[in-house]
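Chemist: next comes the sequence, and after it the predicted model I'd like to discuss.
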Amino acid sequence: MKTQYKQTLILFTLLMGMNIKAQISEGGTPYFASKSVAESYSIPKISMPPINLEKRKQEGNEKPYQFAYAHKVNINPNNSGTWHTLSNGDKYWVLEIESKGAKSLNFTFSDFYLPKGAKLFFYNKSRSDIKGAFTHKNNKSYRKLGVAPIKGDQIIIEYYHPVQLSEKPALQLATVGHDYKGVFKLANSIYKSKNTTKAKFGESQDCHVNVACPLGNRWDKQIRSVVLYATNNGTGLGSGVLINNTNQDRTPYLLTASHVAGDRRLDIQTAMFIFNYQSSTCANPQTEPSIANSISGGEFMKADLSSVPIEGNPDGQGNPTRTRNESRGVDFTLVKLSSPIPASYRAYYSGWNASNTPPSSFIGIHHPAGDIKKISFGTGIKRPPVGFSPINPLNERQKQYFWEVNWTTGSTEGGSSGSPLFNPSGNTIGILQGGNSGCGNSASDFYVAFNRILPFLKNYLAPGSRANSLNGIENSGNGNLDPRRRSIKSAETESSITLFPNPVQNTLNITSNNINYKETSLDIFTISGNIIDKKLYSIKQQTANKLEINVHQLPKGVYLIKVNNTTKKFVISK
């Protein structure tokens with residue numbers, strides 16, 4: 001039986017973040033999204049060549065879970081689209097991109113820079129899915145950006161350039177991702193079997209256990225250390241774990257598999273790291289959990305960690321020696337995220353243990369098939385036999401680099417690659433490289449043993465230390481609070497706006513002397529972080545320092561309202 005990588009290839013990268021250096025989306029309404037405006041101006045269209053679905057399916061047999069194809073393009077405001085100048089001198093650059101038959105499209109910019117005051121939007125023809133506004137806050141030192149999937153096969157790109165700006169933007173579009181399977185799976189994943197209706201996100205199998213189930217109660221911290229890792233030019237998806245270091249300075253290091261990370265620098269710089277993509281209940285939810293907690297981009301560490309030769313040794317500087325036979329390498333990569341992790345994400349930096357003694361039991365936490373976060377349990381960890389490996393046959397020396405495991409509850413599958421293996425104390429002891437396990441079989445999975453890769457990571461995880469183990473650490477000092485209570489407390493203490501009446505039934509008033517509501521963005525979330533459809537509320541009146549919102553369609557409950565970068569709790573009572 002051929003052993004496979006546990007990586008999902010899927011067009012699911014580059015999702016919306018919420019902090020300054022994460023992928024920011026400030027909201028607002030695109031000018032050309034208005035039907036009357038769009039009918040008054042021409043918007044040129046570029047069509048992508050058709051994709052060979054049969055070829056994509058064949059590639060999918062070789063690369064598990066291939067969901068998308070990335071068209072390579074050379075598109076920028078100088079060679080494509082059109083500029084429109086308004087009577088006040090403001091300018092708009094607009095372009096429509098079509099890839100017929102796509103379930104959604106996403107985009108990667110190889111050179112990206114926005115002047116302060118400029119805005120960038122992406123939206124489909126029906127205006128039912130809008131991404132943006134992207135602003136100067138999305139700029140990064142390496143000048144790259146990825147944009148989340150937008151539903152549909154015809155997407156409009158709109159750039160706004162105020163008249164007072166002299167600085168020019170950089171908008172070099174490099175890839176257009178054609179989703180031919182459907183990243184937005186919910187509508188297609190609700191199915192009936194006899195008298196039972198099941199809803200699944202992604203395509204994970206039925207034996208997987210949601211992390212909110214009672215089996216996951218003991219492992220809250222470990223659950224919060226695992227993230228969904230989306231990369232590979234809009235086509236790759238896997239898992240990763242935030243990892244603590246002996247300085248305990250909360251450097252945002254993430255450990256994953258090298259086949260998840262893809263091309264070291266380019267893919268990592270345009271990658272997306274998604275936190276808390278999980279159900280809040282044991283049952284699969286009927287609506288998809290929020291994907292708002294994310295950070296865009298990361299840095300590949302200096303050590304060549306992507307294919308450590310298992311016959312080599314560290315050179316004394318934390319770097320592995322090289323060998324021509326890199327296909328026999330141990331599959332792991334260390335990444336540093338592009339920005340500190342916001343406290344609101346409730347992240348946890350996993351501890352680690354480099355003991356050579358296998359534990360009696362173990363836990364795996366992962367995102368199988370790009371699904372919401374799952375937890376698995378097993379007993380009886382061991383070294384794999386000579387002659388069998390996730391990649392090539394092992395000899396006696398090589399097998400020491402892996403743990404072989406079998407599951408008693410749950411399993412892993414595509415998308416689980418790069419996820420951590422935890423010992424009973426909750427510390428990382430391995431990183432998933434591959435295996436054949438699945439629901440309904442007793443096949444094994446293979447994890448790169450942390451004790452064998454720590455020498456290559458010393459400069460980062462244990463600089464100047466001989467530590468053989470390290471406990472985890474919270475990302476912030478209030479990490480032990482209940483997640484719901486933390487969200488409320490954080491929202492209240494960070495807020496500078498006033499809401500009344502609160503509780504409210506029909507009209508919510510928002511006032512502040514510090515925010516100009518004529519130039520504002522607004523979103524409402526459930527207390528668990530799911531964004532509310534804007535069709536369920538509307539702005540009744542908007543002045544310089546007051547906003548009236550009609551919320552009578554929202555059901556009774558507790559909500560969070562985000563105005564620009566300020567958040568506040570309110571309650572609807574009926």
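Modeler: Here it is on my side, so go on.
Chemist: for the spatially most central residue of the chain, which non-adjacent residue is closest in space?
Modeler: Nearest to the mean C-alpha position of the chain, by Cα atoms, centre = their mean, lies residue 274 at 2.6 Å. Excluding the flanking residues, the one nearest residue 274 by Cβ to Cβ, 6 or more residues apart in numbering is residue 228, at 4.1 Å. Placement of C-beta: from N, CA and C, glycine included.
Chemist: who does the one you found bridge with?
Modeler: residue 239, residue 274 (DSSP bridges).
Chemist: from residue 149, how far out is it?
Modeler: 14 Å (Cβ to Cβ, to the nearest Å).
Chemist: now swap in residue 75 and tell me
Modeler: 18 Å.
Chemist: so those two - more neighbours on which side?
Modeler: Neighbour comparison, residue 75 and residue 149: the larger count goes to residue 149, with 28 against 20 (by other Cβ atoms under 10 Å).
Chemist: is it true that the more buried one touches residue 107?
Modeler: No - counting by Cβ atoms under 8 Å, residue 149 does not reach residue 107; the two are 9.3 Å apart.
Chemist: any low-confidence regions in the stretch 451-574 of the chain?
Modeler: 477-496, 513-520, 527-530, 541, 543-544, 564-565 (pLDDT under 70).
Chemist: and the strands in it?
Modeler: 469-470, 473-474, 498-500, 507-511, 522-526, 538-542, 546-550, 557-563, 566-572 (DSSP state E, counting those that start in this stretch).
Chemist: between those, which gets nearest to residue 207?
Modeler: strand 522-526 (28.7 Å; Cβ to Cβ).
Chemist: where does the stretch 301-450 of the chain dip in pLDDT?
Modeler: 302-329, 386-397.
Chemist: quick one, domains of this protein?
Modeler: Annotated domains of the chain cover 4-179, 208-474, 483-572 [automatic domain parsing].
Chemist: return the most buried member of the ones you listed.
Modeler: domain 208-474 (a mean of 21; mean count of other Cβ atoms under 10 Å).
Chemist: where do the helices sit along this protein?
Modeler: Along the chain, the stretches classed as helices by DSSP state H are 35-40, 53-62, 186-189, 220-223, 258-261, 264-269, 450-461, 483-494.
Chemist: touching, residue 101 and residue 180? I think so.
Modeler: Yes - Residue 101 is within contact range of residue 180, at 6.9 Å (criterion: Cβ under 8 Å).
Chemist: shared neighbours of these two, anything?
Modeler: residue 51 (Cβ atoms under 8 Å, 6 or more residues apart in numbering).
Chemist: name the residue most distant from the centre of the chain?
Modeler: Largest centroid distance in the chain under Cα atoms, centre = their mean is residue 87 at 40.8 Å.
Chemist: now do the strands in the stretch 151-300 of the chain.
Modeler: 154-161, 170-179, 191-193, 196-198, 209-210, 226-231, 236-242, 253-256, 272-274, 294-296, 298-300.
Chemist: which other helices and strands contact the second one?
Modeler: So the one you mean is strand 170-179. Applying 3 or more Cβ pairs under 8 Å, 6 or more residues apart in numbering; DSSP states H and E, one finds that strand 170-179 contacts strand 68-75, strand 104-113.
Chemist: with respect to residue 502, which of these lies nearest?
Modeler: Among the helices and strands packed on strand 170-179, the nearest to residue 502 by Cβ to Cβ is strand 104-113 (37.4 Å).
Chemist: can I get the CA coordinates of that closest one in CSV?
Modeler: Provided in CSV are the C-alpha atoms of strand 104-113 (Å, rounded to 0.1, in the frame of the first residue of the first chain):
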residue,chain,number,x,y,z
SER,A,104,-14.9,30.9,-6.8
LEU,A,105,-11.8,32.8,-7.7
ASN,A,106,-8.9,34.0,-5.6
PHE,A,107,-5.9,36.2,-6.4
THR,A,108,-2.2,36.5,-5.6
PHE,A,109,-0.2,39.7,-6.1
SER,A,110,3.5,39.4,-6.5
ASP,A,111,4.0,43.1,-6.0
PHE,A,112,1.5,44.9,-3.8
TYR,A,113,1.6,48.4,-2.3
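Chemist: show me what it is packed against.
Modeler: Counting by 3+ Cβ pairs under 8 Å, 6+ apart, strand 104-113 packs on strand 145-151, strand 154-161, strand 170-179.
Chemist: let's see that with 7 Å instead.
Modeler: Applying 3 or more Cβ pairs under 7 Å, 6 or more residues apart in numbering; DSSP states H and E, one finds that strand 104-113 makes contact with strand 145-151, strand 170-179.
Chemist: kindly reformat those strands as JSON lines containing mean pLDDT.
Modeler: Listed next are the helices and strands packed on strand 104-113 as JSON lines, based on pLDDT from 0 to 100:
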{"stretch": "strand 145-151", "mean pLDDT": "81"}
{"stretch": "strand 170-179", "mean pLDDT": "93"}
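Chemist: now render the ones you listed as CSV, adding distance to residue 127.
Modeler: Shown next, in CSV, are the helices and strands packed on strand 104-113 (distance: least, Cβ to Cβ, whole Å):
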stretch, distance to residue 127
strand 145-151, 11
strand 170-179, 19
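Chemist: looking at those strands, which is closest to residue 284?
Modeler: Per Cβ to Cβ, nearest to residue 284 of the helices and strands packed on strand 104-113: strand 145-151, 21.2 Å.
Chemist: identify the bridge partners of residue 155.
Modeler: On the basis of DSSP bridges, residue 155 takes part in beta bridges with residue 97, residue 124.
Chemist: who's in contact with it?
Modeler: Residue 155 makes contacts with 97, 105, 122, 124, as judged by Cβ atoms under 7 Å, 6 or more residues apart in numbering.
Chemist: quick one: the first one and residue 149, what's the gap?
Modeler: This means residue 97. 13 Å.
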